[in-house]
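1. Any chance you can model this:
(2 chains)
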Amino acid sequence: MSEYLLSVIHGEDNAVPEGTDIEAVFGAVDAFNTELQAQGAWVFAGGLQPIGAATTVDAVGAETVVTDGPYAETKEYLGGFWVIQAADLDEAHAWATKASKACVHAVEVRPFQGE
Amino acid sequence: MSSSGSDSEVDPGNGPEVDPVLDAAIAEAVRAEHARVVGSLVRRFGDVGLAEDAAGEAVVTAVETWRRDGVPPNPGGWLTTTAVRRALDRLRREQSRPQREREADRMDEASRSDALPLGVVDDDRLRLLFMCCHPALAPDVRVALTLRLVAGLTMPEIGRALLTPERTVAQRITRAKRKIAATNLPFTIPAAADLPARVAGVRTVVYLVFNEGHLGSTDPVRDDLAAEAVRLGRMLVALVPDDPESQGLLALMLLTQARRPARVVEGSIVLLADQDRSRWDRELVEEGHAIVRRLLARNQPGPLQIQAAINAVHTSAATAAATDWRQVVALYDQLLAIAPSPVVATNRAVALAELAGPETGLLELDLQPLADYHPWRLARGHLLALLGRSEEAETELRAALALTSNPAEQSEILRRLAAL
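-> Next up is the predicted model:
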């Protein structure tokens, strides 16, 4: 078993595609979470507040610098994530396919470091 | 050619009593067994890097031993057993990993009772192919990794084959191995539901390997690569017997390979029209034709099947003049309809010129200008020469000459230039 991070990639406005029924999305994500738990693949999951809520703390130098906003200036940000357990990458991809359909966003699959 | 791990390459000129015939037999046995050995080790240890290094070490040992004792009756079993021992030694040396050591001991037990059934070994080759062609790997990575792990090419050979600096190839393959390990990329043939999508990707890679063998970027031909691609094509067809495009790919490769003995003569490419058809491999032609006939009966045409059918028309004609060009053009029309590309349009124009004359072919060719594509330049030069427009023909042929790095093709273009 390996652990994978499934990241939901949101645009700046944190919006689902136009014409999407938001209630239906919530329902689909709930159903997906239930399935993850039922299959024993669930580790953790969470949705994030919009990128405007982010603060960046950099304490690498002598002084701690706190900046309002995200670290990277990009058009797309992490909107939420799942941490799952899967036997291999194909299984993780199968979960990611369901996750992407449920939350109506692209989902990035990335393994955690082992051991 | 040699085939070994990333750090150790076999040098056939270094050792006692060098016998070129024996060395060639050793090299051939090693090449033929490479994918099975690596595949078998990946299955046992789940670690591509370890599998490849151990296979490389086994090859070095094999060359030493076989030079003394000759090639054993089951070189694949010999290499696999030796490689498994090397891998186990390596795992034991990594004392920081007691868990792995226990696993190694367990596997050692298993390997002693394991008689290496050949059916499973072939299955490992196929799994290796699917692992190399996994969609999580970028297409250029899939090709490089397949050439390395399945076809057993060395880094310099892959670099030459892909016209890519050796360093870049090495980086690509290293990154791929890291990703395979980090993501736990499965060493399996995909589930039935995922198979059709994955088979399409595998077909593409197999066809690229074949093309590299059929018309190498640098060498005139790489028979070993073409033969490897045909082997992989046969495995694919055995795995998905109901997939007409995989059958089409196999037929296409067989019918192309059949013409190989007549295609390169004295280091120069002989064009289809000028080939000595008695030198074609009739057995391969018959096999290819039989597949095409079955595919026609199924009537689910795809691009590879149509290309196979075009090759079947060519190989059915006793002489170039007897070619059924009307059927060839009709097949190209069908191909253009389902898989349009400037390359297909170029080929169609050449066939059309045979049917309706060089002028018509030239008009058709100029509808899709492909200045950087040497077959287009070559076709244009050919048609211009037929029309007696020698100066323009020379310009086109010189452009074609500059665009190809294959010496056999260069030689043919020079011959045409001289004939103008």
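2. how about the nearest residue to residue B:312, chain neighbours excluded?
-> Of all residues beyond its chain neighbours, the one nearest residue B:312 is residue B:292 (4.3 Å), with distances taken as Cβ to Cβ, 6 or more residues apart in numbering or on different chains. Backbone N, C-alpha and C define where each C-beta goes, glycine included.
3. Count the residues that sit near residue B:375.
-> 16 (other Cβ atoms under 10 Å in any protein chain shown).
4. Contacts only, for the nearest residue to it once chain neighbours are set aside.
-> Excluding the flanking residues, the one nearest residue B:375 by Cβ to Cβ, 6+ apart is residue B:346, at 6.1 Å. By Cβ atoms under 8 Å, 6 or more residues apart in numbering or on different chains, the contact set of residue B:346 is B:365, B:368, B:370, B:373, B:375, B:376, B:379.
5. wait, what's in contact with the first one?
-> Residue B:365 makes contact with B:346, B:349, B:350, B:376, B:379, B:380, B:383 under the criterion Cβ under 8 Å, 6+ apart.
6. can you check the fourth one too?
-> For residue B:373, the contacting residues are B:342, B:343, B:346, B:403, by Cβ under 8 Å, 6+ apart.
7. Helices - which of those residues land there?
-> Counting by DSSP state H, the part of these found in helices is B:342, B:343, B:346, B:403.
8. Just give me the neighbour total for the nearest residue to residue B:274 once chain neighbours are set aside.
-> By the measure of Cβ to Cβ, 6+ apart, the closest residue to residue B:274 outside its immediate chain neighbours is residue B:320, 7.5 Å from it. Using other Cβ under 10 Å, residue B:320 is surrounded by 14 other residues.
9. wait, what's in contact with residue B:320?
-> So residue B:320 contacts B:272, B:273, B:274, B:275 (Cβ under 8 Å, 6+ apart).
10. mind checking the backbone torsions on it?
-> When read as degrees, to the nearest 10, the backbone of residue B:320 gives phi -60, psi -40.
11. about what we covered before: can you lay out the contacts of residue B:373 as a markdown table showing pLDDT?
-> Listed next are the contacts of residue B:373 as a markdown table, based on pLDDT from 0 to 100:
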| residue | pLDDT |
| --- | --- |
| B:342 | 86 |
| B:343 | 86 |
| B:346 | 92 |
| B:403 | 90 |
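12. What parts of chain B come near chain A?
-> B:134, B:136, B:182, B:183, B:184, B:185, B:186, B:188, B:190, B:191, B:194 (Cβ under 8 Å from any Cβ of the partner chain).
13. For those, which entry has the maximal number of neighbours?
-> Of these, with other Cβ under 10 Å as the count, residue B:134 tops at 24 neighbours.
14. Now that one. Nearest residue, chain neighbours left out?
-> Going by Cβ to Cβ, 6+ apart, residue B:134 has residue B:185 as its nearest residue, at 5.6 Å.
15. if I look at that neighbour, how far off is residue B:65?
-> In this view, residue B:185 and residue B:65 are 34 Å apart by Cβ to Cβ, to the nearest Å.
16. Count the neighbours of whichever residue of chain A sits closest to chain B for me.
-> Nearest residue of chain A to chain B: residue A:88, at 4.0 Å (Cβ to the nearest Cβ). The tally of other residues near residue A:88 (other Cβ under 10 Å) stands at 18.
17. before we move on, what about residue B:363?
-> Residue B:363 has 14 nearby residues by other Cβ under 10 Å.
18. how close does it sit to residue A:73?
-> Distance from residue B:363 to residue A:73, by Cβ to Cβ: 53 Å.
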